[in-house]
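no sequence for this one, just the structure:
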């Protein structure tokens with residue numbers, strides 16, 4: 001949100017911050033580039049980056065806007081090339097829509113604050129000691145109701161059954177926001193208090209006292225981007 005940038009930065013900066021921190025913890029070097037796809041800015045070539053992240057958005061993936069259709073087509077191109085791709089919130093939903101899944105407004109309505117997800121199936125980029133239920137901040141009223149073709153469900157939350165999935169070793173998406181802090185989540189909820197309603201708002205704000213595992217999930221993303229270790 002533009003009004004929060006002085007205090008929290010923008011989405012690309014928030015993502016670069018938490019993923020850069022995770023890469024440092026894993027002794028890896030990273031470089032980040034931003035592409036404003038809403039205004040038609042894309043890489044000159046698909047191999048310009050080792051991998052791509054589709055971030056959150058104020059829009060819905062089923063909105064009839066030309067830039068969303070173009071991004072879906074580019075997602076299909078990345079998938080066809082088996083290029084590393086991570087989707088966060090809107091990105092999670094858009095990848096599903098682009099590859100044959102379905103996203104709709106959730107019957108549960110708005111989901112906000114810190115939510116817990118149970119791991120359904122672990123993958124190579126998750127450490128064995130990290131396989132208990134994990135928490136991330138969420139902020140969404142849409143969700144994936146049908147996984148795309150070839151997807152494996154990795155995690156499920158009470159209000160969002162399809163909260164994390166992967167396709168092969170090149171696509172990894174999640175409904176949660178590892179880049180969000182408790183402070184940013186609180187500011188979003190305060191701004192949307194009337195839209196959320198008293199009960200959802202109060203539960204969401206109270207949830208911010210729970211432990212948050214954004215650093216751990218960010219390490220999953222970095223390991224995923226680096227690639228599956230070669231077999232010994």
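Arrived safely. Note that the coordinates shown come from a computational prediction; the quantities given were computed from them, not determined experimentally.

Going by C-alpha atoms from here, please, whenever you check contacts or count neighbours.
OK.

most centrally placed residue in this protein?
The chain has residue 88 as the residue nearest its centroid, 1.5 Å off, counting by Cα atoms, centre = their mean.

Could you check the pLDDT of it?
We have a pLDDT of 97 for residue 88.

Count the neighbours of residue 59 for me.
Number of residues near residue 59 (other Cα atoms under 10 Å) recorded here: 11.

ok so, going back, please report phi then psi for the residue nearest to the centre of the chain.
phi -120, psi 120 (degrees, to the nearest 10).

wait, it sits on residue 179?
No - assessed by Cα atoms under 8 Å, residue 88 is found out of contact with residue 179, at 9.2 Å.

Stretch 91-98: how far from the chain's middle?
10 Å (Cα atoms, centre = their mean, to the nearest Å).

Quick one: mean pLDDT over it.
Mean predicted confidence for stretch 91-98 is 97.

any idea of the pLDDT on residue 9?
63.

what do you get for residue 232?
So, for residue 232, pLDDT stands at 50.

contacting residues for the residue nearest to the centre of the chain?
Counting by Cα atoms under 8 Å, 6 or more residues apart in numbering, residue 88 makes contact with 53-56, 173-177.

That one and residue 176, how far apart?
7 Å (Cα to Cα, to the nearest Å).

same deal with residue 220?
Taking Cα to Cα as the measure, residue 220 falls 13 Å from residue 176.
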